[in-house]
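>>> Provide a 3D model corresponding to the input given below.
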Amino acid sequence: MKKRLNATDLIDHFRGSIILPAENQLGTEYEIICLDKKNFSRLDYHGSPGIKELLEFMGGMPGFRRTEEDELLTGLKHDDFTITIEPGGQLEASFSPCRTVGELATKLSSYLKLLKEAESLGIIFIAAGVDPVNSFDTVPWMPKQRYRVMRSYWEKKPGLSLYMMKQTAAIQVSIDYNSEADAIRKIKSAIILSDILSSFFGNSPIYDQAYRYTNSFRKKIWCKTDKERSGVPAGCGNPINSFADYVNYALNIPMIFLFREEKYHELKKRVTFRSFLEEGYEGTYPDLTDWILHLNTIFSLVRFNNTTVEIRPFDSNRPDILLAITALVEGLFYNTISYDHLIIPEELVAAARKNLSVEEAEYLAPLDLLIEDGRSPGELVYEAFRAGGIKALIDQLRIG
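A predicted model of the protein is given here:
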């Protein structure tokens, strides 16, 4: 008889992800928004231009492998990055882990070249924390099982979870940890720095063609995304001092779905992962795959993902800012120094630069310019919108 999973196994899974400092890597995810060039509307899956047409076009390039669901093309795999579609047709590129930001820059360059060629379909790609133009109701849902179940789950709950799904786009950086103490130090520091990072990199002051009196309207949406799994993790009221503390936090969060026989299944009642672990659900008990899937449904600004610490307070931004964010994370977190006392961007950038090689530190240059100018990306976006309306706003956010 197969041994049932228990809480100790979940803790051991995190411990099994500890690596040596020499093996540290950076994992970066880049979400962007796809618009019809003619009227700036969002793309439907089956439209022209549409998301399927876009994936078919990119998948026709050398080196790509298709991923399908229910006989529909839903993503592409490449040695350098994986492309997936988000619930509202946002495009996410997950770059394969890199040792240096320079390595990431090479992979990003290939991706940007691909986007440039795809513009011939009549598509504009923008990097912003939220869609600044299209209202929630006008954005089509993508035909993926996971999103159908998540939509049904959140339609029954208060908050802005559905807006998070369809309207937002972010940059996320994952880092490794070298001991349990190192992992806890990193997640605590990331929690403390999340406010300053989200403000400094805020790039979503406009939503539904109106100014929202914040640099990051995306953060406001994310922090109202299902109060049981958003904002910052349990590290406030119940401090995270060990892997066991984080496991305890995640065990108390309700599951959104169950994946069995290649299908996402909606649950018929509220089921926390703890109850699934201890009592099962309709005769089935979890395995490690269920746990990893559950961790991915926690939408906090910082979280333990499967094998890494994932830092997520960043609005989507232009490509040079993405590289700068990755360099900043590398410089701040791949050492044993605490930066909890740093409260302004200048201090963060200076501290990161001290820990980077000359080559890696060069990627921080766009942040020096922002600091010198005294304006965040969001403030520049707002100024463009105020001066020239939607067209000027799109030009400011456009990639390429």
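
>>> any idea which strand is longest in the protein?
strand 26-36 (DSSP state E).

>>> Measure how far it is from the centre of its chain, please.
9 Å (C-alpha atoms, centre = their mean, to the nearest Å).

>>> following that strand, which helix or strand comes up?
Reading on from strand 26-36 to the C-terminus, the next helix or strand found by DSSP states H and E is helix 51-59.

>>> Please tell me how far that next one is from the chain's geometric centre.
22 Å.

>>> Can you classify Thr297 by secondary structure?
Counting by DSSP: H, G, I helix; E, B strand; the rest coil, the backbone at Thr297 sits in coil.

>>> residue contacts, it?
150, 229, 253, 255-256 (C-beta atoms under 8 Å, 6 or more residues apart in numbering). For every residue, glycine as well, the C-beta is placed using N, CA and C.

>>> what's the longest strand of the chain packed up against?
strand 91-95, helix 101-118, strand 123-126, strand 170-175, helix 319-333 (3 or more C-beta pairs under 8 Å, 6 or more residues apart in numbering; DSSP states H and E).

>>> Next, the angle from the first one to helix 101-118.
Meaning strand 91-95. In terms of direction (axes from the mean of the first three to the mean of the last three C-alpha atoms, to 10 degrees), strand 91-95 departs from helix 101-118 by 150 degrees.

>>> for strand 91-95, packing partners?
strand 26-36, strand 81-85, helix 101-118.

>>> how about low-confidence regions in the stretch 301-400 of the chain?
Within the stretch 301-400 of the chain, no stretch has pLDDT under 70.

>>> What are the boundaries of the strands in it?
302-304, 309-315 (DSSP state E, counting those that start in this stretch).

>>> Reformat these as JSON lines; add distance to Asp368 and mean neighbour count.
JSON lines is the format used below for the strands of the stretch 301-400 of the chain (distance: least, C-beta to C-beta, whole Å; neighbours: other C-beta atoms under 10 Å):
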{"stretch": "strand 302-304", "distance to Asp368": "25", "mean neighbour count": "25"}
{"stretch": "strand 309-315", "distance to Asp368": "18", "mean neighbour count": "26"}
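
>>> between those, which one is nearest to Lys391?
strand 309-315 (21.0 Å; C-beta to C-beta).

>>> Just the CA atoms of the closest one, as CSV, please.
Provided in CSV are the C-alpha atoms of strand 309-315 (Å, rounded to 0.1, in the frame of the first residue of the first chain):
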residue,chain,number,x,y,z
VAL,A,309,11.5,32.0,-3.4
GLU,A,310,9.4,33.9,-5.9
ILE,A,311,9.4,37.8,-5.6
ARG,A,312,6.3,39.3,-7.3
PRO,A,313,5.7,43.0,-6.4
PHE,A,314,6.7,44.2,-9.9
ASP,A,315,4.4,45.6,-12.5
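
>>> That one vs strand 170-175, what angle?
Here the directions of strand 309-315 and strand 170-175 differ by 160 degrees (the same axes, to 10 degrees).

>>> Give me the sheet partners of strand 309-315 and which way each runs.
With DSSP bridges as the test, strand 309-315 is paired with strand 170-175 (antiparallel), strand 302-304 (antiparallel).

>>> and the shortest one, how far from the chain's centre?
Between the mean C-alpha point of strand 302-304 and the mean C-alpha point of its chain there is a distance of 11 Å (C-alpha atoms, centre = their mean).

>>> wait, doesn't Ala351 sit right on Leu342?
Yes: applying C-beta atoms under 8 Å as the test, Ala351 and Leu342 come out as touching, 6.2 Å apart.

>>> For the two, work out which one has more neighbours and name it.
Leu342 (19 against 16; other C-beta atoms under 10 Å).

>>> Tell me, how many residues neighbour Glu92?
Going by other C-beta under 10 Å, the residues that sit close to Glu92 add up to 19.

>>> From Arg353, how far off is it?
29 Å (C-beta to C-beta, to the nearest Å).

>>> ok, now Asp290?
Distance from Asp290 to Arg353, by C-beta to C-beta: 42 Å.

>>> go on, Phe304?
28 Å.

>>> for Leu193, same thing?
16 Å.

>>> Which residue of those two possesses the greater neighbour count?
A side-by-side neighbour count of Leu193 and Arg353, using other C-beta under 10 Å, places Leu193 first with 24 against 18.

>>> Surely that one touches Pro345?
No: in terms of C-beta under 8 Å, Leu193 does not count as a neighbour of Pro345; the distance is 10.6 Å.

>>> Now do the same contact list for Lys227.
With C-beta under 8 Å, 6+ apart, Lys227 has these contacts: Gly159.

>>> Before we move on, what's the pLDDT of it?
Model confidence at Lys227, given as pLDDT, is 89.

>>> can you check Ala183 too?
Model confidence at Ala183 (pLDDT) stands at 96.

>>> And for the one 10 residues further on?
As summarised for this prediction, Leu193 has a pLDDT of 91.

>>> Report the separation between it and Ile83.
For Leu193, the distance to Ile83 (C-beta to C-beta) stands at 29 Å.
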